[in-house]
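Engineer: Starting from these lines, generate the structure:
(one chain, ligands or ions: 2)
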Amino acid sequence: MRFLLDPCGLCLIFLVWAVLVLCYVVTVRYVFISWFTGVVVEQFSYEPGNWMLWGVPVMTKKQELTTVGWVMYFIYQCLVILSFTSHIRTAFGDPGFITALEPPNWNRENGRRCDKCVKWKPPRAHHCKVCKTCVFRMDHHCPWVNNCVGLKNQKYFILFLFYTAAACLMTGLLMLYSLYCWFSSGTRVDDVDLYATVLCIGAFGASVFFLFFVIDFLTEQIDAIETNSTLVETYKRAHGQPGTFFTNFIEVMGPPSLWLFPVFAAPNICWTEPLYDDDKENDYFGGSQKARDYTPAKSKSRSGSESGKKSAGSRSRSRDYKQKVN
Ligand SMILES: [Zn+2]
Ligand SMILES: [Zn+2]
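Structural biologist: Ligands and ions are numbered 1, 2, ... in the order given. This next block holds a predicted model:
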């Protein structure tokens with residue numbers, strides 16, 4: 001476990017958790033308990049008498065969730081827990097820090113050294129100035145998780161985006177359903193609970209905002225897997241070993257049976273894997289000057305010059321990138 005003492009990153013981590021908890025509590029209290037209950041259950045409880053040592057048995061009635069309510073509640077709870085767990089694993093896990101001072105098998109191709117942290121720098125590693133060390137297959141330093149996103153935590157980052165998008169979508173739909181139920185119930189405007197209304201509108205607004213926000217990032221992560229290229233490498237106009245989307249996906253996400261769970265990310269890391277030039281398709285560099293002298297303005301699109309359809313998203317991240325990494 002690692003903990004980066006960055007005030008901005010820590011604030012954003014707590015903001016993510018606060019939004020998740022707010023949406024969860026408001027949805028459970030004002031959607032599930034209000035509109036998905038209906039089954040009346042009788043149960044005994046014991047109330048202490050005034051002068052008796054033993055309690056007095058009293059039969060009470062209470063409402064429980066319907067079957068649909070239980071199923072929805074279970075799914076919703078799973079999404080929130082998995083989103084939360086994935087975020088924690090991304091934030092406090094190792095993104096792929098380079099710890100070795102020397103390469104395993106030194107040769108001209110993989111023998112370069114980082115100028116800043118003075119460690120061995122594999123072809124697909126990049127130095128992060130926030131983390132102050134080199135990270136293998138570094139994509140970007142993400143303030144929302146207060147950590148770098150590299151090969152070893154990319155799966156957790158993708159799952160965090162996926163489950164957050166799903167939880168936000170479900171929150172938004174449940175709020176709309178709640179609104180429909182409220183209109184159908186014929187409740188008078190005078191009887192509206194202002195406190196509950198404000199909380200529900202807040203949860204709905206936050207869920208819609210974060211839904212579009214994380215979908216943008218999720219699209220870029222899928223794009224990164226498809227091209228086997230990190231955001232940093234798009235600026236170098238470079239990519240990793242060409243392969244199918246499936247093989248690249250397994251490399252990041254691990255075995256298919258565990259794709260949906262935030263465990264066992266990137267099981268087979270090849271630290272010396274080469275980097276390829278987008279334009280030449282030749283083995284790119286080991287310690288050449290080109291690796292250090294690239295300028296971000298050379299490339300703005302992950303998809304390459306012939307395709308500009310992803311350029312808007314990549315450009316938005318390029319601004320983030322310029323501020324956060326070298
Ligand atoms: Zn370094
Ligand atoms: Zn970093």
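
Engineer: Please count neighbours and contacts with C-alpha atoms only from this point.
Structural biologist: Noted.

Engineer: where does the stretch 51-200 of the chain have low pLDDT?
Structural biologist: 51-57, 105-111 (pLDDT under 70).

Engineer: which bits of it sit near ligand 1?
Structural biologist: Applying Cα under 5 Å from the ion, one finds that the stretch 51-200 of the chain approaches ligand 1 through 114, 117, 127, 133-134.

Engineer: In strands, which of the residues you listed appear?
Structural biologist: 127, 133-134 (DSSP state E).

Engineer: Out of those, flag the one nearest to residue 277.
Structural biologist: residue 127 (19.4 Å; Cα to Cα).

Engineer: residues in contact with residue 250?
Structural biologist: Applying Cα atoms under 8 Å, 6 or more residues apart in numbering to residue 250 gives the contacts 256, 266.

Engineer: how about it, secondary structure?
Structural biologist: When classified by DSSP: H, G, I helix; E, B strand; the rest coil, residue 250 comes out as helix.

Engineer: most surrounded residue in the ones in strands among the residues of the stretch 51-200 of the chain next to ligand 1?
Structural biologist: Among these, residue 134 has the most neighbours (other Cα atoms under 10 Å), with 25 neighbours.

Engineer: tell me which parts of the stretch 101-250 of the chain are close to ligand 2?
Structural biologist: Residues of the stretch 101-250 of the chain lying near ligand 2 (Cα under 5 Å from the ion): 128, 130-131, 141, 148.

Engineer: 6 Å - rerun?
Structural biologist: 128, 130-131, 141, 147-148 (Cα under 6 Å from the ion).

Engineer: top of these by neighbour count?
Structural biologist: Top of those by neighbour count (other Cα under 10 Å): residue 148, with 28 neighbours.

Engineer: Give me the distance between that one and ligand 1.
Structural biologist: 13 Å (Cα to the ion, to the nearest Å).

Engineer: Buried residues, the helix or strand harbouring residue 224. List them.
Structural biologist: In the assignment (DSSP states H and E), residue 224 maps to helix 194-227. Neighbour-count burial for helix 194-227, with 16 or more other Cα atoms under 10 Å as criterion, is recorded at 199-200, 203-204, 206-208, 210-211, 214-215, 217-218, 220-221, 223-227.

Engineer: Just to be sure, residue 5 is in a strand?
Structural biologist: No: applying three-state DSSP, one finds residue 5 to be coil, outside a strand.

Engineer: Next up, phi/psi of it, please.
Structural biologist: Dihedral pair for residue 5: phi -90, psi 70, per degrees, to the nearest 10.

Engineer: quick one: pLDDT of it?
Structural biologist: We have a pLDDT of 81 for residue 5.

Engineer: since we're on it, how many residues are nearby?
Structural biologist: Neighbour tally, residue 5, other Cα under 10 Å: 10.

Engineer: hang on, the earlier thing: quick check: strands, which of the residues of the stretch 101-250 of the chain next to ligand 2 are part of them?
Structural biologist: 128, 141, 147-148.

Engineer: and which of the residues you listed is nearest to residue 60?
Structural biologist: Distances from residue 60 to those, taken by Cα to Cα, are shortest for residue 147, at 51.2 Å.

Engineer: Would you mind listing the residues in contact with the closest residue in space to that closest one that isn't next to it in sequence?
Structural biologist: Among residues not flanking residue 147 along the chain, residue 91 sits closest, at 5.5 Å (Cα to Cα, 6 or more residues apart in numbering). For residue 91, the contacting residues are 145-147, by Cα under 8 Å, 6+ apart.

Engineer: cool, residue 28 as well?
Structural biologist: With Cα under 8 Å, 6+ apart, residue 28 has these contacts: residue 73.

Engineer: Which of the three states applies to it?
Structural biologist: helix.

Engineer: cool, and the one 5 residues further on?
Structural biologist: In the three-state summary, residue 33 is assigned as helix, counting by three-state DSSP.

Engineer: Now stretch 236-251: buried residues?
Structural biologist: Buried residues in stretch 236-251, counting neighbours by 16+ other Cα under 10 Å, are found at 236-240, 245, 248-251.
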